[in-house]
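Student: Okay, sequence plus prediction incoming.
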Amino acid sequence: MYEKTSNSIKLEKVDDYRWRIPQSYKPGMRVPGLIYADEKLLKDICQDKAVEQVANVAFLPGIVNNSLAMPDIHWGYGFPIGGVAATDIEEGGVISPGGVGFDINCGVRLVKTNLEYNDIKDKIKDLIYRLFSDVPCGVGSEGDIRLGEKEEKGILLKGSRWAVENGFGVEDDLEYTEENGAMQGADVQAVSGRALKRGRSQSGTLGSGNHFLEVQVIDQLYDRQASDALGLNLGQVMVAIHSGSRGLGYQICEDYSRSMLGSLEKYKINVPDRQLACAPLNSNEGRAYLAAMKCAANYAWCNRQCLMHLTRKAFEKVFGSSWQKLGMFLIYDVAHNIAKIEKHEVGGIEKKLCVHRKGATRAFGPDHPALPEKYKRIGQPVIIPGDMGRNSYLLVGTQKAMQETFGSACHGAGRLKSRTSASRSINPDMLLKELESKGIIVKASGRNTLVEEAPAAYKDVNDVVEVVHNAGISKRVCRMRPLGVIKG
Amino acid sequence: MREASFKIIEHTADIGIRVKSSSLVSLFKCAALAITAISSQKQKIQYPKKYEIVIKQEAEGLEELFVNWLNELLSVSSAEALVFEDIRINQISEKFIHAVAIGIDIRNYKINTEIKAATYHQVKVKKIGRIWQAEVIFDV
């Protein structure tokens, strides 16, 4: 048997794209770990503590099949970033706020246009500057959408629908958003006053860090049938929006990570990391967190809906035409930090599971009832943004993902370098020049963000997507390259 | 050594700090002010009014208290749009802290890095000989 060592863990090679952490690695692991990676990516993955974290997640009560890791996996807190874990609710399965993260429903949406590269090549700078001026971004940025307590509560319950009802989008946008832009069962009573206060001023804002708004062009098609179904062609201009639930989500995660420390003792749960604090889904603590998490998830969908509205308006100003005439229709919106109650087969039996996706994207295969009619034949669109200097991808989910990964795939390129190391080694002026020489215009609120998010700080998304595609857990549809980016 | 100092710990996705101090009081204070140092840069003061916020936290143990303390400061600074420039700790034990955080309007600062929260992942607070040492990883 081929083995590879990460610190003290011996990984067993399952095939070219899967590596197993044996359940015997640590007493207390309830299932093995399974990492999707090739030899090249595995080398980087083994550099930090991510593999150990995959093993730690395997301690969660009720976990089934494997503690999974996608090829963009890197060291996080509690869960690795790029981790997927499903727990069986009827078998004492738990939910862990650390398995969702602070930025609840951080996610990405992809909007198409009927513009081609030649239509915009002389206007890219104007467009990026207009977007930077019209889309609030940066740390603690406040939006133009001023909310009272009542409006905010409406958002937490209705998600994207609140935005559409208030003129920030159209009904069709909901059809092409995961969960139609709102999870049912959100309960505002489960959200603290502090969380509500933090969320009130930040609706309709991009935020900072790795959040961005990017104008892209399709430079490679892989799947004609899926491209046709999605109405996509080579040279077509696209827009990707990456944001989350802002301070509201951070506070909910903090509130419940803290209170669930008590649940560990109460329910006699043994986990090797306190950030994996959790409670059974069938407990008051578990139900309360899920209801609060849904509020933050709905807030995030509404946020991205509002950001898309501002983007459409900015395009209208620059191109002097309505967004409808510019063909700015939503391809899809996916969450990549979330826990969902879903039905999956485990050992040939359908089970109700709580699927945690921490830095992982839902990737449901064709014919899944959760998909819009238009996508039933091709599978769910899976949007994978890369760094600001390389590519992004659109893929579709597969039946194999349903069988192996609870319908999940990767969520991005995955970090390679720490922020501090990136800041030390990258000069922001040189970086901007380098990107401009590639035809990429970048506007960022802070120089720090710029260097921390530089391409060199990330793995190559092309490698990550190749593993996902070759392992069969999603299928490439097209590749985009960036033309312009705004960063918080 | 100086009364207290901190260093950045490398982490692939996030940022950690290691704090060393001669006392528990200055350890907690130094970690709190490290947040300001990491995340923000003072600009010309246009809004000089200072705000005193009472912070009280309880926990089952010192490490949990340390994380809760930092999270409360992050949370209040975000909710009230303040940057904390000084800390006065009135009382501290293994399970309790009572302090006053002195803040100034966030608009006096340029915020470089958003710290979402302090995590319990690999948190350490211990006394080695006469020196207090703490480590914590922030989600950024």
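Tutor: Now that the structure is in, tell me what you want to look at.
Student: Please make it C-alpha for all contacts and neighbour counts, starting now.
Tutor: Fine.
Student: Scan chain A for its longest helix.
Tutor: Across chain A, the longest stretch assigned as helix under DSSP state H is helix A:284-319.
Student: what's the spacing between it and its chain's center?
Tutor: Relative to its chain's centre, helix A:284-319 lies at 13 Å (CA atoms, centre = their mean, to the nearest Å).
Student: next structured bit after that helix?
Tutor: Counting by DSSP states H and E, the next helix or strand C-terminal to helix A:284-319 is strand A:330-335.
Student: counting contacts, what elements does whatever helix or strand residue A:357 lives in pack onto?
Tutor: Taking DSSP H and E as the definition, one finds residue A:357 inside strand A:349-358. Where contact means 3 or more CA pairs under 8 Å, 6 or more residues apart in numbering or on different chains; DSSP states H and E, strand A:349-358 is packed against strand A:79-88, strand A:94-95, strand A:337-346.
Student: Enumerate the positions of it that are buried.
Tutor: Buried residues in strand A:349-358, counted by 16 or more other CA atoms under 10 Å in any protein chain shown: A:351, A:352, A:353, A:354, A:355, A:356, A:357, A:358.
Student: Ok, stretch A:127-135 next?
Tutor: A:127, A:128, A:129, A:130, A:131, A:132, A:134, A:135.
Student: Quick check, the residue in chain B closest to chain A?
Tutor: Nearest residue of chain B to chain A: residue B:12, at 4.1 Å (CA to the nearest CA).
Student: nearest spatial neighbour of the residue positioned nearest the centre of chain B, skipping sequence neighbours?
Tutor: The centroid of chain B falls nearest to residue B:32 when counting by CA atoms, centre = their mean (1.7 Å). Once flanking residues are discounted, residue B:32 sits nearest to residue B:70: 6.2 Å by CA to CA, 6 or more residues apart in numbering or on different chains.
Student: How far away from the center of its chain is the one helix or strand the one you found maps to?
Tutor: Counting by DSSP H and E, the element that carries residue B:70 is helix B:62-80. Offset of helix B:62-80 from its chain centre (CA atoms, centre = their mean): 7 Å.
Student: what's it in contact with?
Tutor: Residues outside helix B:62-80 that contact it (CA atoms under 8 Å, 6 or more residues apart in numbering or on different chains) are A:140, A:194, A:197-198, A:247, A:251, A:254, A:258, B:28, B:31-32, B:55, B:57-59, B:82-84, B:93-97, B:101, B:115-120, B:123-125, B:136.
Student: Then stretch A:343-355?
Tutor: With contacts defined as CA under 8 Å, 6+ apart, stretch A:343-355 is touched by A:64-65, A:84-90, A:93-95, A:339-342, A:402-403, A:406.
Student: picking that back up, touching chain A at all, whichever helix or strand comes after the helix holding residue B:70?
Tutor: Sequence-wise, the next helix or strand downstream of helix B:62-80 (DSSP H and E) is strand B:82-92. No. Judged by CA under 8 Å from any CA of the partner chain, strand B:82-92 stays clear of chain A, getting no closer than 10.7 Å.
Student: Show me what the helix or strand just after strand B:82-92 pairs with in its sheet, parallel or antiparallel.
Tutor: Using DSSP H and E, the helix or strand that directly follows strand B:82-92 along the chain is strand B:96-105. Looking at strand B:96-105 with DSSP bridges, its partner strands are strand B:50-58 (antiparallel), strand B:82-92 (antiparallel).
Student: Using a markdown table, please lay out those strands together with mean neighbour count and mean pLDDT.
Tutor: Below are the strands paired with strand B:96-105 laid out as a markdown table (neighbours: other CA atoms under 10 Å in any protein chain shown; pLDDT from 0 to 100):
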| stretch | mean neighbour count | mean pLDDT |
| --- | --- | --- |
| strand B:50-58 | 16 | 98 |
| strand B:82-92 | 18 | 98 |
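Student: Now render these as TSV, adding distance to residue A:240.
Tutor: Shown next, in TSV, are the strands paired with strand B:96-105 (distance: least, CA to CA, whole Å):
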stretch	distance to residue A:240
strand B:50-58	40
strand B:82-92	32
